[in-house]
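>>> When you get a sec, could you give me coordinates for this:
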Amino acid sequence: MKKLLNLLPAISLAVAMLASHPAAAAANAVTVVATINGGGTSLMYAGPGFAPGTKNVSSFGIHATLYSDGTATGHVDCVDQHGDVSAGNIFGDVTSWSLVPKDGDIDDGILLHVTGTLVTFGGGPPVDMKFPVTIQAAGGAGVGKWTLGNPQAPFCIEILLSGQIVVRGNLLG
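This is a model prediction of the structure:
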């Protein structure tokens, strides 16, 4: 009995350490902040600095899970229709994300960082590249909006013609 009483402080300390471990782990756990799912067709406008009046149709799919530590998983695919000024397929894996400050410009939204490939129609080898995709507005035809390229000067501004973009999580305010 005396030996058990001598071990009691050590046992109490061990129990306290084990009990506090899950709480500490839970406090630092990475959680899902939002999901983005969408697909359809969109009317692609050339971004600032590109030929004015350039409009073409593209088909797209965007699927991403955004985590609290800024990482992300998912995939983006955008296929320009034949007849486009510079048609191609740009696709890749979403690796991280951030919010673009809301300042009223074209750059507002959720910025997805993508590592992928560009395949141009009509020639040239596939090109590995990193590119940003900004989700500016969730919604369907005429409402959903996303851009491809630097958020301050994207080379594609896409407004949905069909399908939708759904953002689960309150990131677009």
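
>>> tell me the contacts of Ala141?
Gly40, Leu160, Leu161, Ser162, Gly163, Gln164 (CB atoms under 8 Å, 6 or more residues apart in numbering). Using the backbone N, CA and C atoms, a C-beta is placed for each residue, glycine as well.

>>> Quick check: the fourth one touching Leu43?
Spelled out, that is Ser162. No: applying CB atoms under 8 Å as the test, Ser162 and Leu43 come out as separate, 10.2 Å apart.

>>> Who are the packing partners of the helix or strand hosting Val167?
Applying DSSP states H and E as the criterion places Val167 in strand 156-168. Contacts defined by 3 or more CB pairs under 8 Å, 6 or more residues apart in numbering; DSSP states H and E place strand 156-168 against strand 32-46, strand 55-67, strand 127-137, strand 145-148.

>>> and it, which residues are buried?
Across strand 156-168, burial judged by 16 or more other CB atoms under 10 Å covers Cys156, Ile157, Glu158, Ile159, Leu160, Leu161, Gly163, Ile165, Val167.

>>> Go ahead and flag the most central residue of the chain.
In the chain, the residue lying closest to the centroid (CA atoms, centre = their mean) is Leu112, at 3.4 Å.
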